[in-house]
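Trainee: fold the following for me, if possible:
(one chain, ligands or ions: 1)
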Amino acid sequence: MQWTDVLATRSTRMKASEIRELLKLLDQPDIISFAGGIPDPALFPADAFAAAFATAMSGSTAATALQYSVSEGYRPLRDWIAGCMADLGIPCDAENILITSGSQQGLDYLGKLMISPGDTVMVTWPTYLGALGAFNAYEPRYVRLDPMANTSPEAVKAEAAAAGSTVKFAYLTADFSNPTGETIPVAARHALLDQAEALGIAIVEDAAYQSLRFDGTPVPPILALEIERTGSIEAARTIYCGSFSKTLAPGLRVGWICAAKEVISRLVLLKQAADLHSSTLSQIATEIVAREMFDDHVAKLKATYSGRRDRMLAALEREMPAGVRWTRPEGGMFIWLTLPEGMDGADLLAKSLASERVAFVPGGAFHADGSNRNTLRLSYSCASDAQIDEGIARLGRLLRR
Ligand code: PMP
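Mentor: Alright, predicted model coming up:
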């Protein structure tokens, strides 16, 4: 059987990333890894979930938990999320919320909803690798979104038109981005809204790390700023993707999309066709744990992660040679390093694994065009103080060599 003869064109764009293949080798105990952008499992509220799953499976709730359910998601959880959105300056109700199997599924659905082959999607350079993976299946082309530059909408439109393409949406992680850890300031969020309005496109605001602000001044979500302008979420072009993966646990696979009802009702049809609904058992347990302890638990996470961020920033200050620059995130899990021009993050990873046994993710992979290879992402979320001190010292030594 020649499988390549029967594959859809989109399949040819779905490739295993070379980085993922490399990172598979990391399970060895002597490696200090700053590679995985994952929560520290020691911080999972496992006891609370054990109790919540027991409750979900008891009495009449068991039938709800185990039966087919509506595509929109478990109503009490959607109500709880709508309350959180209101606290963020996004007044809405459960009808504005669709529960997804992680925010990753939300990105896939949004690609499916808006991208026809050849359409243009604006993404930051760098951007979340998983978003490129999700959108790639729908065969878009990408152009660079730079919320900090005053790019003229006419220029963006003209560039797309010259390629016979239509611009559909801008995607970004506005808070503590994966991979840079940076946050888009409020003025740039307004400029992005202006640009999207001039282009007539949607904005996809990926808020995966939004709850994990350690310090600094909170910046309102782009959707909240837009609702200040429009007066209602129903007139908003911004689609907000949330997730419990970084705050409670990624294994639950519970995320959500918050948007105008017109968008949600179209997404509900997509979800019906794709997987009917996300796990009701997971949603019920998530609602119980979130209602009982969300704020207290997130406060605990922030205390731990901010300590690790401080430790890593101090180690970088001590160990990095001149010419290396890095971001100073106010939350989230990542620090982004820029090496001197001409250096290559992927080469450095190979050398680092061979001689220093320190892992990180080379930055080229996060760019839709593979550029800026002299960058890398460090995650502090799962590292101990001793691993941070030792790992960054080894990396500094390698860079000096
Ligand atoms: N968006 C960003 C920016 C992420 O970093 C991640 C996970 N690494 C996701 C979305 C997907 O998360 P999940 O599907 O677990 O909600």
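Trainee: next up, the contacts around the closest residue to the ligand within the stretch 101-250 of the chain.
Mentor: Relative to the ligand, the nearest point of the stretch 101-250 of the chain is residue 102 (2.5 Å; Cβ to the nearest ligand atom). (Glycine included, C-beta is placed from N, CA and C.) By Cβ atoms under 8 Å, 6 or more residues apart in numbering, the contact list for residue 102 reads 243, 245, 250, 253-255.
Trainee: ok, and the most crowded of those?
Mentor: residue 254 (29 neighbours; other Cβ atoms under 10 Å).
Trainee: ok, it touching residue 283?
Mentor: Yes - counting by Cβ atoms under 8 Å, residue 283 is a contact partner of residue 254 at 6.0 Å.
Trainee: quick one, strands of the protein?
Mentor: 32-33, 97-100, 120-124, 141-145, 167-172, 202-206, 238-243, 255-258, 325-326, 334-338, 358-359, 361-362, 375-379 (DSSP state E).
Trainee: reformat those as TSV; add mean pLDDT and distance to the ligand.
Mentor: Below are these laid out as TSV (pLDDT from 0 to 100; distance: least, Cβ to the nearest ligand atom, whole Å):
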stretch	mean pLDDT	distance to the ligand
strand 32-33	94	15
strand 97-100	98	8
strand 120-124	97	11
strand 141-145	95	15
strand 167-172	98	9
strand 202-206	98	5
strand 238-243	98	3
strand 255-258	98	4
strand 325-326	98	19
strand 334-338	98	9
strand 358-359	96	17
strand 361-362	94	11
strand 375-379	97	10
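Trainee: closest one to residue 399 among those strands?
Mentor: Nearest of these to residue 399, taken as Cβ to Cβ: strand 334-338 at 9.3 Å.
Trainee: show me the contact partners of the closest one.
Mentor: Here strand 334-338 makes contact (Cβ under 8 Å, 6+ apart) with 37, 126, 176-182, 309, 312-313, 316, 320, 324-329, 363, 374-380.
Trainee: any of these buried? List them.
Mentor: With neighbours counted by 16 or more other Cβ atoms under 10 Å, the contacts of strand 334-338 contain buried members at 37, 126, 176-182, 309, 312-313, 316, 320, 324, 326-327, 329, 363, 374-380.
Trainee: what comes into contact with stretch 136-143?
Mentor: Against stretch 136-143 from outside (Cβ under 8 Å, 6+ apart): 9-10, 13-14, 108, 111-112, 115-123, 132, 156, 159-160, 163, 165, 167-168, 368-369.
Trainee: so residue 233 makes contact with residue 91?
Mentor: Yes - with contact defined as Cβ under 8 Å, residue 233 and residue 91 form a contacting pair (7.0 Å).
Trainee: the two: who's more crowded?
Mentor: Under the neighbour definition other Cβ under 10 Å, residue 233 and residue 91 were set side by side, and residue 233 has more, 24 against 15.
Trainee: contacts only, for the more buried one.
Mentor: With contact set as Cβ under 8 Å, 6+ apart, residue 233 has these partners: 90-92, 96, 223, 227, 258-260.
Trainee: save those residues as a markdown table, and put in distance to residue 54 too.
Mentor: Below are the contacts of residue 233 laid out as a markdown table (distance: Cβ to Cβ, whole Å):
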| residue | distance to residue 54 |
| --- | --- |
| 90 | 33 |
| 91 | 35 |
| 92 | 32 |
| 96 | 31 |
| 223 | 36 |
| 227 | 39 |
| 258 | 30 |
| 259 | 34 |
| 260 | 38 |
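Trainee: list just the nearest of the residues you listed to residue 48.
Mentor: Using Cβ to Cβ, the contacts of residue 233 come closest to residue 48 at residue 258, 24.5 Å.
Trainee: what about stretch 235-242, distance to the chain center?
Mentor: Offset of stretch 235-242 from its chain centre (Cα atoms, centre = their mean, to the nearest Å): 15 Å.
Trainee: ok, residues contacting it?
Mentor: For stretch 235-242, the surrounding residues in contact (Cβ under 8 Å, 6+ apart) are 81, 85, 90, 100, 103, 106-107, 110, 169, 193, 196-197, 201-208, 210, 221-223, 226-227, 230, 255-260, 263.
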